[in-house]
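[1] Here is the input, now give the coordinates:
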Amino acid sequence: MLTENLVKMNSIVFGILVLTLPNVFSFLFGDRCTILPQGFIPDGEHREYQAPDGCKNGTIDWNYPKEYIIVKFKRESHDKFSVCIGENIGGDMFTFYYITGQGRRAIPSGTWPCINSQHGSVSIEIHAPEMQTYMGAVDYSIQM
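    Predicted coordinates:
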């Protein structure tokens, strides 16, 4: 009975490990579709990043977030596309703004929208939480 329970427990632990390994490796080591804002951003400043061409899914991994970044998504061959953002590790702590086109609109907290392109691009402003945290991540996907 004890051996049978240990086998079941080991099987469950192994299953969980197998299912989470891709996320852990992607978070720790990134891939070409991962956007990695690095270093401290001085007060009152921001940094801009371009999502890599050809990526349809990726993650914005942000260690030691402070101030804000702008992430630009551009597709030369597709004038119409959408960028969908989704929660990952601590992603709900960030404040998002849609800045494509004329103006800047807040994205309501707790929502994970798809944003339509204007003239072949989408730009999203991501503000760090007021209380500095160790890390956070937000997933993105591009729908053609």
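
[2] what's the neighbour count on residue 33?
    With neighbours defined by other CB atoms under 10 Å, the count for residue 33 comes to 17. (C-beta placed from N, C-alpha, C; glycine too.)

[3] Tell me where the protein has helices.
    For the chain, the helices defined by DSSP state H occupy 2-29.

[4] where does it have low pLDDT?
    Scanning the chain for pLDDT under 70 picks out the ranges 1-2, 5-30, 78.

[5] Repeat the analysis, applying 50 as the threshold.
    Scanning the chain for pLDDT under 50 picks out 13-29.

[6] mind checking how far residue 138 is from residue 66?
    Look at residue 138 and residue 66: by CB to CB, to the nearest Å, they are 16 Å apart.

[7] who's more crowded, the two?
    residue 138 (25 against 17).

[8] Test my guess that that one contacts residue 59.
    Yes. Between residue 138 and residue 59 there is a contact under CB atoms under 8 Å: 7.1 Å.

[9] Which neighbours do those two have in common?
    Residues touching both residue 138 and residue 59 by CB atoms under 8 Å, 6 or more residues apart in numbering: residue 88.

[10] quick one: residue 109 and residue 118, what's the gap?
    23 Å.

[11] who's more crowded, those two?
    residue 118 (13 against 10).

[12] ok, the nearest residue to that one once chain neighbours are set aside - how many residues close by?
    Counting by CB to CB, 6 or more residues apart in numbering, residue 101 is the residue found nearest to residue 118 once chain neighbours are left out, at 4.5 Å. Other residues near residue 101 number 14, with proximity taken as other CB under 10 Å.

[13] so residue 101 makes contact with residue 116?
    No. The pair residue 101 / residue 116 is not scored as a contact, 9.9 Å apart, by CB under 8 Å.

[14] Span of stretch 85-103 from start to end?
    With CA to CA, to the nearest Å as the measure, stretch 85-103 spans 19 Å from end to end.
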